[in-house]
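> kindly return the folded structure for what I paste below:
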Amino acid sequence: MARRKLSLAKKIAFSAVVGAGALAAANGTLGVWWDHILPARDIGKQMTFQLSTYNERVRQETKQASYMRSQERMGGPIKVKNRWGHRNPDNYDVIPPEGQYRIACVGESTTLGEFVEMHETWPIQLQESLFKRFPNKDYLAMNMGHGGAVMKTTLLEYIKFHQKFNADLVILKVGMNDAEARVSLATSEANLTIELNETPRYGETLLLNHWGTKNFVQPFYRWWLPKSNEQLTEMMEKREKAIEEGKRRTIEGYGGETEAEEKARDTSAFEDYARTLVRLAKLNGSEVIIFQIPRNPYMKRKGSGRLEDYGSHANDLALQRISKEENVLYVPVDPLSIPEKEWKDHCHVLKGGQKIKTNLIEKAVLTHFLDEEGRPLDRNLKAFAKNPDHTLKTTVNNN
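Numbers count the residues shown, from 1 in each chain. Modelled structure (predicted):
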């Protein structure tokens, strides 16, 4: 009997050890899988509220171009066609063929073409329009837009992926995402307080236990705590609402020229990165156009949206300073020239709006960079002589 009890105890102990090992292995695997399907939500204060959506891109996406192969955006999948990750229908070599005039369109989702098809984006429309005007010439407009990118990301990507294409002209269209990033940072402290006070208990506990950690306790804990996918979804929705409430309370708690507004208007880092890209492009032998991102004049934004408008306007002023000081062309876009029906949201436009942008940028290219036969102008002709403030002042037929 004693031997049987001892044997049974050994079996139980052995089973316990094996079970614990299997549990630990499964737990660790689950943790890695969890972090994969919900990559770095970064719920820690030091991570989430540095706007990880952008910072992670700076650290990770500039290491490789594969992110450009497919971008899941609000308007649905945006599939990139060519091997370089550019939103262009055709492949091309790094070294241009003789006689080809290359235009690098560098920017954010407003360049990439969110909510529109590839052929409707202003870079591709520009290329096709130049072909029609000068059928015997060779033009290539490369759509290098990256949805969600801030200026630091844009600069790093240009250095690593884009400058090698030896563009004759670089069109830079930036400034919206940096404004949104600064506003999120400006309201971060209140977001944390509101979120932890008003998120449901299970969600609060989940948030406090960083999802980015990978030890042998956290993964199962964060897996089992929300008892179903519905609970998890509900918790995330309440978290987002709590963040928005935090932003609202932060903004309403200020008066006059608020601290949040001051941070939203701080363009120092943005201006440094943008100026560096402009100078680098010129050193590479490229001409440069700075192409404004207009804001929807029909949308009355409040709270954090209002601050983002302040920030993007401040970025516009910084870009105008850069254009004058670095001797490059700044092309403004009158937002009222784009009909209300062509606006998708606060900054993205639909097909008709893309055409209006195409007309503007084509006018700038024809006025300042190409002669009457479509050949590149000698820069010694001083194309900006008629516009000493380096701002395009022409009326364009939008039809």
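> where exactly do the helices run in the stretch 201-350 of the chain?
201-208, 218-224, 229-252, 259-264, 268-283, 304-325 (DSSP state H, counting those that start in this stretch).
> out of those helices, name the one with the poorest average pLDDT.
For the helices of the stretch 201-350 of the chain, mean pLDDT drops lowest on helix 201-208, to a mean of 37.
> tell me the secondary structure for the residue lying closest to T276 once chain neighbours are set aside?
Leaving aside its chain neighbours, T276 sits nearest to L155 (5.9 Å; criterion: C-beta to C-beta, 6 or more residues apart in numbering). C-beta here means a position set from N, CA and C on the backbone, and glycine is covered the same way. When classified by DSSP: H, G, I helix; E, B strand; the rest coil, L155 comes out as helix.
> what about L155, neighbour count?
23 (other C-beta atoms under 10 Å).
> what about it, distance to I103?
19 Å (C-beta to C-beta, to the nearest Å).
> same deal with Q163?
14 Å.
> and these two? which has more neighbours close in?
I103 (24 against 19).
> would that one count as being in a strand?
Yes - under three-state DSSP, I103 sits within a strand.
> these two touch, right, it and I124?
No - between I103 and I124 there is no contact under C-beta atoms under 8 Å: 10.9 Å.
> name the residues contacting each of the two.
Residues touching both I103 and I124 (C-beta atoms under 8 Å, 6 or more residues apart in numbering) are A141.
> isn't S129 up against E362?
Yes - S129 sits in contact with E362 when judged by C-beta under 8 Å, with a separation of 5.4 Å.
> how about N284, what does it touch?
N284 sits in contact with Q163, N166, A167, where contact means C-beta under 8 Å, 6+ apart.
> quick one, what contacts the first one?
With contacts taken as C-beta under 8 Å, 6+ apart, Q163 has the following neighbours: L280, A281, N284.
> gap between it and V106?
Taken as C-beta to C-beta, the span from Q163 to V106 is 10 Å.
> would I171 count as being in a strand?
Yes - I171: assigned to a strand according to three-state DSSP.
> tally of neighbours for it?
Neighbours of I171 under the rule other C-beta under 10 Å: 28.
> where's it relative to N296, distance?
For I171, the distance to N296 - C-beta to C-beta - is 21 Å.
> how about G305?
Taken as C-beta to C-beta, the span from G305 to N296 is 10 Å.
> same thing with N315?
Counting by C-beta to C-beta, the gap from N315 to N296 is 16 Å.
> and the two? which has more neighbours close in?
Each of N315 and N296 has its neighbours counted (other C-beta under 10 Å); N315 has more, 26 against 20.
> residue contacts, that one?
With contact taken as C-beta under 8 Å, 6+ apart, N315 is in contact with V174, G175, M176, D178, A179, T267, F270.
> okay if I get the residues you listed as CSV plus distance to L329?
Putting these into CSV (distance: C-beta to C-beta, whole Å) gives the following:
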residue, distance to L329
V174, 15
G175, 16
M176, 20
D178, 21
A179, 22
T267, 20
F270, 19
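> among the residues you listed, which pair sits farthest apart?
Largest separation among those by C-beta to C-beta: M176 and T267, giving 12.8 Å.
> low-confidence stretches in this structure?
1-11, 14, 17, 20-79, 186-258, 379-399 (pLDDT under 70).
> which residues of it fall in strands?
Per DSSP state E, the chain carries strands over the ranges 70-73, 76-79, 100-107, 138-145, 169-173, 287-291, 329-331.
> follow-up on the earlier one: might you report the residue contacts of the residue nearest to T276?
L155 neighbours (C-beta under 8 Å, 6+ apart): Y273, A274, T276, L277.
> also E98?
Per C-beta under 8 Å, 6+ apart, neighbours of E98: none.
> how far away is it from A16?
75 Å.
> cool, and I171?
I171 is 66 Å from A16, by C-beta to C-beta.
> now P89. Nearest residue, chain neighbours left out?
Closest to P89 by C-beta to C-beta, 6+ apart is K81, at 5.3 Å.
> next, count neighbours for the one you found.
So K81, with other C-beta under 10 Å, has 15 neighbours.
> I figured it hits M118, correct?
Yes - K81 is in contact with M118 according to C-beta under 8 Å; the separation is 7.0 Å.
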